[in-house]
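# A structural model of the following input is requested.
(one chain, ligands or ions: 2)
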Amino acid sequence: MTGTSAAIELRNLRFSYRTGPEVLHIPELVVPAGRKVFLHGPSGSGKTTLLGIVAGVLLPTASDATRVLGRDLVAMSPGARDAFRGEQLGYLFQLFNLLPWLSVLDNVTLPVDLHPARRARLAGVPPATVARELLERLDLGDFIHTPVTDLSVGQQQRVAAARALIGRPALLIADEPTSALDADRRATFIELLFAECEAAGATLLFVSHDLSLGRVFDERLSLPELNAVGVA
Ligand code: ADP
Ligand code: MG
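Ligands and ions are numbered 1, 2, ... in the order given. The predicted model follows:
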């Protein structure tokens, strides 16, 4: 069987939003498990759309394979896709999606509070303890009980990172996660992502339009090169 060790396997995948032209036609994208991949492309080239498909939030219009961590996302029920995402994926959003009515700590523990299988990976350590450790490593130890609305944009982005990382997801997806960070924090942030991914044996799919960040990754992919839309 092909692709059993691939974290992501997309073949002949097409996607259009309900209105508008075709956004993606990906003949092939295979990401081996454990790899740290940097995906770049200009604004509007379909990066966020592709991440939505990999996360099972958007379904392809057509495809020969849409496999993530060995699962066929198209064949799964919506409920199974939601459960799979919650248990196995860490998603670091471009716009953070933090919950303003929760403290920093409660935002970070949310994924393991919601998904028992993800909580099980904490091996009995209380979620608050794990969350505190992550927050301290992200230099947010003094803000654990702060409402997230009182944080700077860069701090909020690091809280979102801790939330994506808790419970060691098998696949971490990050959509322009460093855009609000200054250069020093950017390096620390990427180091933490790498350390967490290595500790968990996780695959990292990291999207940015800033090519200078790509050097430290195992592999750099260009979305315009992967995408056959617009190619005659
Ligand atoms: P990127 O993340 O690389 O900036 P996107 O995936 O957000 O690119 O967008 C790719 C294309 O899809 C753009 O032309 C954008 O206008 C279009 N698009 C994005 N989201 C939607 C949507 N919800 N409905 C219709 N078109 C969309
Ligand atoms: Mg985007």
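# show me where the protein has strands.
6-16, 22-32, 36-40, 65-68, 71-72, 89-92, 171-175, 203-208, 219-222 (DSSP state E).
# ok, which of the ones you listed comes nearest ligand 1?
With CB to the nearest ligand atom as the measure, strand 22-32 is the member of the strands of the chain nearest ligand 1 (4.4 Å). All C-beta spots, glycine's among them, are computed from the backbone N, C-alpha and C.
# mind listing the strands that closest one pairs with, and their directions?
If you go by DSSP bridges, strand 22-32 pairs up with strand 6-16 (antiparallel).
# next, see if the partner strand gets close to ligand 1.
No. On the criterion CB under 6 Å from any ligand atom, strand 6-16 is out of touch with ligand 1, staying 8.5 Å away.
# end to end, how far does stretch 85-99 reach?
Stretch 85-99 stretches 18 Å from its first residue to its last (CA to CA, to the nearest Å).
# now do the buried residues in it.
85-94, 96, 98 (16 or more other CB atoms under 10 Å).
# likewise stretch 169-186?
Those would be 169-178, 180-181, 185-186, for stretch 169-186 by 16+ other CB under 10 Å.
# likewise for stretch 35-47?
35-41, 45-47.
# redo those as TSV? Include pLDDT.
As requested, the buried residues of stretch 35-47 are exported to TSV (pLDDT from 0 to 100):
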residue	pLDDT
Arg35	97
Lys36	97
Val37	98
Phe38	97
Leu39	97
His40	96
Gly41	94
Ser45	94
Gly46	96
Lys47	95
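# now the buried residues of stretch 85-99 as JSON lines including pLDDT?
Listed next are the buried residues of stretch 85-99 as JSON lines, based on pLDDT from 0 to 100:
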{"residue": "Arg85", "pLDDT": "95"}
{"residue": "Gly86", "pLDDT": "93"}
{"residue": "Glu87", "pLDDT": "94"}
{"residue": "Gln88", "pLDDT": "95"}
{"residue": "Leu89", "pLDDT": "96"}
{"residue": "Gly90", "pLDDT": "94"}
{"residue": "Tyr91", "pLDDT": "93"}
{"residue": "Leu92", "pLDDT": "92"}
{"residue": "Phe93", "pLDDT": "83"}
{"residue": "Gln94", "pLDDT": "77"}
{"residue": "Phe96", "pLDDT": "75"}
{"residue": "Leu98", "pLDDT": "92"}
